[in-house]
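1. Sequence and predicted model, in that order:
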Amino acid sequence: MKPPRAIEIVGGGLAGLSLGIALRRAEVPVTILEAGRYPRHRVCGEFITGLDRATITRLGLESILSDARRHRTVAWFAARGNLRNQSLPEPALALSRHALDHRLALEFVRLGGVLRENVRVERLDRPPGRVFAQGRRIASSPWIGLKVHACNLPLRRDLELHLGDDGYVGLAGIEDGRVNVCGLFRRRRRSAPGASLLLGYLEATGLRDLATRLRNAAIDEDSFCAVAGITFARRYHCGPGLAIGDAGGMVPPFTGNGMAMAFQAAAVAADRLESYAHGALSWEQACREVSDVLARRFRIRLASAEWLHPYLLRPTRQRLLSVLARMGLPPLRPLYAALH
């Protein structure tokens, strides 16, 4: 009997690591090439909605997510005050990427996977068996993401979403009594060190009350990080070759569904790549099947989130959301249903 073909994964984020874990559980040889090192902070909302039980089981995530905080309520705010409070159809899972990525990396290595850190790979080279999971596509974009952890920052609900002028910020309680503060902003001519840059963006977008709350909290400057070149996709793209996670398509972060999509893409890819490793599928067949399944699975949620996204960024459109909220008709519950 021939030994299984090896799989090489470029990128050790959620999609790459969880795919590696699933393949190692099936005794497929896997090497992950990661540009950074663990543990590390990432710009991320750090709460997960829409992650189904089947995906958790397929990827063996039960123990890794066992102590994630369960959040059930959300408060929406604009500069003029509270817009709406709501309960989530299912609890959102909250855990920092600093902890989550590190746990996944340790589990992958424990299962016999080869993890090579501080290695960069050109995406132009796409030999059979190489999967790209290294994050977002680099693009010219007006958006910047900023994130920091804070302590002693009381929350008004489990999750908070603050809408500003050309930006919004999500707050989520994570482990050790910390709060993840993560925002998406239209880029401005601003320069400041560390968390001061985030405070400046909060002021510029009209979220002064949130800026004051953050100044009164204890900020972990080591957790601050930023990312630019952010683009969002109406469709999920896997080719040429095979790309999963943010490399295939990013959903706007207010949904909390980006982490779930990374795991779900890994679960879909794991089934086909296991077949490829054992010779039941060609590389071209495996790539095509993964691409087709993910395009169908993510089509509605990407299109729905992209449609709603502009209403979170401009005061004139936020006022429409406010009116709908007072009437009990905001399009939020249908959106959450589309994320599953």
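-> On my side now, so go ahead.

2. Looking at the chain, which strand is longest?
-> Criterion DSSP state E: the longest strand present in the chain is strand 81-94.

3. Need the mean per-residue confidence for that strand.
-> Strand 81-94 comes out with an average pLDDT of 88.

4. list the buried ones in that strand?
-> The neighbour-count check on strand 81-94 (16 or more other CB atoms under 10 Å) flags 83-84, 86, 88, 91-94 as buried. From N, CA and C alone the C-beta is placed, and that goes for glycine too.

5. tell me what it is packed against?
-> Helices and strands touching strand 81-94, as assessed by 3 or more CB pairs under 8 Å, 6 or more residues apart in numbering; DSSP states H and E, comprise strand 47-48, strand 69-78, strand 167-173, helix 315-326, helix 332-338.

6. quick one: buried residues of the helix or strand hosting Leu294?
-> Counting by DSSP states H and E, the element that carries Leu294 is helix 283-308. Using 16+ other CB under 10 Å as the test for burial, helix 283-308 gives 283, 286-291, 293-295, 298, 301-302, 304-305, 308.

7. elements contacting that helix?
-> Counting contacts by 3+ CB pairs under 8 Å, 6+ apart, the secondary-structure elements packed against helix 283-308 are strand 242-243, helix 258-277, helix 332-338.

8. Out of the ones you listed, which is closest to Asp67?
-> Between Asp67 and the helices and strands packed on helix 283-308, the shortest separation by CB to CB is 16.0 Å, and it involves helix 258-277.

9. Could you list every helix and strand in contact with that closest one?
-> Counting by 3+ CB pairs under 8 Å, 6+ apart, the elements that helix 258-277 packs against turn out to be strand 7-10, helix 14-25, strand 47-48, helix 53-59, helix 283-308.

10. Would you mind giving the ones you listed as JSON lines with mean pLDDT and distance to Leu198 added?
-> Compiled in JSON lines, those are given as follows (pLDDT from 0 to 100; distance: least, CB to CB, whole Å):
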{"stretch": "strand 7-10", "mean pLDDT": "96", "distance to Leu198": "30"}
{"stretch": "helix 14-25", "mean pLDDT": "97", "distance to Leu198": "23"}
{"stretch": "strand 47-48", "mean pLDDT": "94", "distance to Leu198": "18"}
{"stretch": "helix 53-59", "mean pLDDT": "95", "distance to Leu198": "32"}
{"stretch": "helix 283-308", "mean pLDDT": "88", "distance to Leu198": "23"}
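
11. how much space is there between the nearest residue to Glu34 once chain neighbours are set aside and Gly170?
-> When the adjacent residues along the chain are set aside, Glu34 lies closest to Gly12, with 3.4 Å between them (CB to CB, 6 or more residues apart in numbering). Gly12 sits 24 Å away from Gly170 when distances are taken as CB to CB, to the nearest Å.

12. again with Asp209
-> The spacing between Asp209 and Gly170, counted by CB to CB, is 15 Å.

13. what about the two, which has more around it?
-> Per other CB atoms under 10 Å, whichever of Asp209 and Gly170 has more neighbours is Gly170, with 22 against 14.

14. Would you agree the more buried one is in contact with Val179?
-> No. Applying CB atoms under 8 Å, one finds Gly170 not in contact with Val179, separated by 10.2 Å.

15. thinking again about what came up before, where among the helices and strands packed on strand 81-94 is average confidence lowest?
-> Lowest mean pLDDT within the helices and strands packed on strand 81-94: helix 332-338, at a mean of 58.
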